[in-house]
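In: Next comes the sequence, and after it the predicted model I'd like to discuss.
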Amino acid sequence: MLTKVFGSAVFGVEATSITVEVNIDKGIGYHLVGLPDNAIRESSYRIAAALQNNGYKLPGKKITINMAPADLRKEGSAYDLTLALGILAASSQIKGSAISEYLIMGELSLDGSLQPIKGALPIAIKAREEGFKGFILPKQNAKEAAIVDHLEVYGVENIREVIDYFDEKGELEQTIVDTRKEFYTALDNPEFDFADVKGQESIKRCMEIAAAGGHNIILVGPPGSGKTMLSKRLPSILPPMSLQEALETTKIHSVVGRIKDNVGLMAQRPFRSPHHTISNVALVGGGSYPQPGEISLSHNGVLFLDELPEFKREVLEVMRQPLEDREVTISRAKFTVTYPSSFMLVASMNPSPGGYFNDPNAPVTSSPAEMQRYLSKISGPLLDRIDIHIEVTPVPFDKLSEERRGESSVEIRKRVIEARNIQTQRFAELKNIHYNAQMGVKQIRAYCVLDSTSKELLKTAMERLNLSARAYDRILKVSRTIADLEKSESILGDHISEAIQYRSLDRDGWLG
């Protein structure tokens, strides 16, 4: 008897439906075809034990299973439940009349209980697109899949529940999530708050500008000056994610299995902080079966690289193209996957190997040659993609001991949202540009027009401070954001003056 059951495979952040055809005939043997990997080939042992421990058995006949399309490689243990139900239906141990109306996924334990799977959200989206009545999957992934409306989602703990459901001996409980309610409830609860930061008012201002315009930023300062603490609080002042952004972000984290149990939509912007020993594949994504890297996991959020010069140079260089294109494409011989990677880069670094720069009282000093070698690990093209460079100085004792709390993240975020709304209206007709940091040369010329006084000020600053030519467009972008924060239609001299201060590493004496 031939039975068809449906599962799904995830490639990139999109799912593809897989038809599992199970045929049982005279003879003996278990034949699994359709490019399965080792985890799927081993499923027969898990299925046999799970069925036996729940009062069923593998039929002692010739079992042929085809996973179509047969030229598409399938991987992972999430097909166990799909295969088991196909075998039971084909051998008439359960009623299989309604089984083709559902998409079924889950990894089996030997006692028949189900383990969580990866990619539940993109699979659920695909199931709805293809008109399936429902999606049966492990209970741990049910809330994640239930984000998708117009699809019945059933979270189960044991294969026995599914068998009884198709045999009409029991009912499954449908998981229902109010996506919008869950999304808006989680928005205004930041874990880190700028109110906890003592002093550093100029750096807070810089962070506000970076958040308002989506600008990449690098903080340069000695150990203990607060670079990491400030960076961790940046997501708390970024505008809340839209529902579409939250779905995109959740989908990426779902693919790699990073969604916590019983959590539906990710409402907080991600903050990723990889260690400096990370490989280039782990950073941008890849592998034999490509998976998203840290830059994609920080999509719509913040990627924080602490001690930037400590990262291997080739690791930093692979970020150049994703920073520009806001997506990363990984090509293999048989297929190509594209992951979104629209993130804010926040980097921190010491000004020298010892951590101190031109400080006569420093415990450790570095020679000019050591400093140059240390700073040269950051290439010009990478630095070119960072709009704001700011020097961070240690906080004096009188500021540290103050009882007064600083301005809260909620207050700063209000101003950031207002500035972002101005940019949204400005770029409403442009498809791929939403905020100032994404402007190209054409948009800079259109929206960053300077009067003669501002133009002369910028010219004088570039000549006197020996700023590089690459700093020109960056200064204009940042000054446009400063003007937006002050609700000014035109860029004034004050805006240009402030933006010039944020190009420390372009000055003579830093990177040569």
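Out: That came in fine, so what should we check first? Residues are numbered from 1 along each chain as shown.
In: What residues of the longest helix seen in the chain count as buried?
Out: Longest helix of the chain, by residue count under DSSP state H: helix 409-426. Within helix 409-426, the residues that count as buried by 16 or more other CB atoms under 10 Å are 409, 412-413, 415-416, 419-420, 422-423, 426. To be clear about C-beta, it is placed using only N, CA and C from the backbone, and glycine gets the same treatment.
In: Now render those residues as a markdown table, adding distance to P240.
Out: Compiled in a markdown table, those are given as follows (distance: CB to CB, whole Å):
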| residue | distance to P240 |
| --- | --- |
| S409 | 12 |
| I412 | 13 |
| R413 | 8 |
| R415 | 14 |
| V416 | 10 |
| A419 | 14 |
| R420 | 10 |
| I422 | 17 |
| Q423 | 15 |
| R426 | 20 |
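In: Out of these, the closest to S100 would be?
Out: R420 (47.0 Å; CB to CB).
In: Which residue is the nearest non-sequential neighbour of that closest one?
Out: P239 (5.0 Å; CB to CB, 6 or more residues apart in numbering).
In: E418 is in contact with the one you found, correct?
Out: No. Look at P239 against E418 with CB atoms under 8 Å: they stay out of range, at 9.7 Å.
In: Give me the neighbour count for the residue nearest to R420.
Out: 19 (other CB atoms under 10 Å).
In: residues contacting it?
Out: 211, 413, 416-417, 420 (CB atoms under 8 Å, 6 or more residues apart in numbering).
In: where's it relative to D484, distance?
Out: As judged by CB to CB, to the nearest Å, P239 and D484 stand 13 Å apart.
In: Check V315 too.
Out: 34 Å.
In: What's the local residue count around A446?
Out: Neighbour number of A446 under other CB under 10 Å is 10.
In: typed the wrong thing, it's I278
Out: What I278 shows, counting by other CB under 10 Å, is a neighbour count of 15.
In: separation between the nearest residue to G264 once chain neighbours are set aside and M462?
Out: Closest residue to G264 apart from its sequence neighbours, by CB to CB, 6+ apart: K143 at 4.2 Å. To M462, K143 is 54 Å away according to CB to CB.
In: Settle it for me: which of these two has more neighbours?
Out: K143 (22 against 18).
In: what comes up buried for the helix or strand containing the more buried one?
Out: For K143, the enclosing helix or strand under DSSP states H and E is helix 142-145. When neighbours are counted by 16+ other CB under 10 Å, the buried residues of helix 142-145 are found to be 142-145.
In: And those residues, which is closest to S490?
Out: E144 (47.1 Å).
In: Can you pull the phi/psi pair for the nearest residue to that closest one once chain neighbours are set aside?
Out: For E144, ignoring the flanking residues on the chain, the nearest one in space by CB to CB, 6+ apart is A120 at 4.7 Å. When read as degrees, to the nearest 10, the backbone of A120 gives phi -60, psi -40.
In: Show the contacting residues for A120.
Out: Taking CB under 8 Å, 6+ apart, one finds 105, 137, 141, 144-145, 254, 259 in contact with A120.
In: make it 10 Å
Out: 8, 10, 15, 78, 105, 135, 137-138, 140-148, 153, 155, 250-251, 254-255, 257, 259 (CB atoms under 10 Å, 6 or more residues apart in numbering).
In: buried subset of the residues you listed?
Out: 8, 10, 15, 78, 105, 135, 137-138, 140-148, 153, 155, 250-251, 254-255, 259.
In: Could you tell me which of the residues you listed belong to strands?
Out: Using DSSP state E, the subset of the buried ones among the contacts of A120 located in strands is 8, 10, 15, 135, 137-138, 153, 155.
In: Show me which of the residues you listed is closest to A70.
Out: S8 (15.8 Å).
In: Report the contact partners of P394.
Out: By CB under 10 Å, 6+ apart, the neighbours of P394 are 199-200, 221-226, 359, 400.
In: Could you grab the helix/strand/coil label for it?
Out: coil (DSSP: H, G, I helix; E, B strand; the rest coil).
In: Could you measure from it over to S273?
Out: With CB to CB as the criterion, P394 and S273 are 22 Å apart.
In: Ok, E130 next?
Out: For E130, the distance to S273 - CB to CB - is 38 Å.
In: With neighbour numbers in mind, choose between the two.
Out: S273 (15 against 12).
In: At the geometric centre of this protein, which residue sits there?
Out: For the chain, the residue nearest the mean C-alpha position is L297 (2.4 Å; CA atoms, centre = their mean).
In: Need the phi and psi values for that residue.
Out: phi -70, psi -20.
In: you'd agree it is up against S254?
Out: No. The criterion here is CB atoms under 10 Å, and L297 misses it with S254 at 11.2 Å.
In: picking up where we left off before, wait, what's in contact with the residue nearest to the centre of the chain?
Out: Here L297 is in contact with 249, 252-253, 255-256, 258, 270, 272, 274, 285, 291, 303, 339, 341, 343 (CB under 10 Å, 6+ apart).
In: P290 too?
Out: P290 neighbours (CB under 10 Å, 6+ apart): 11-12, 281, 328-332, 335-339.
In: from those, which is closest to M371?
Out: V281 (30.9 Å).
In: pLDDT score for that closest one?
Out: For V281, the model assigns a pLDDT of 91.
In: That one contacts I330, doesn't it?
Out: Yes. With contact defined as CB under 10 Å, V281 and I330 form a contacting pair (9.2 Å).
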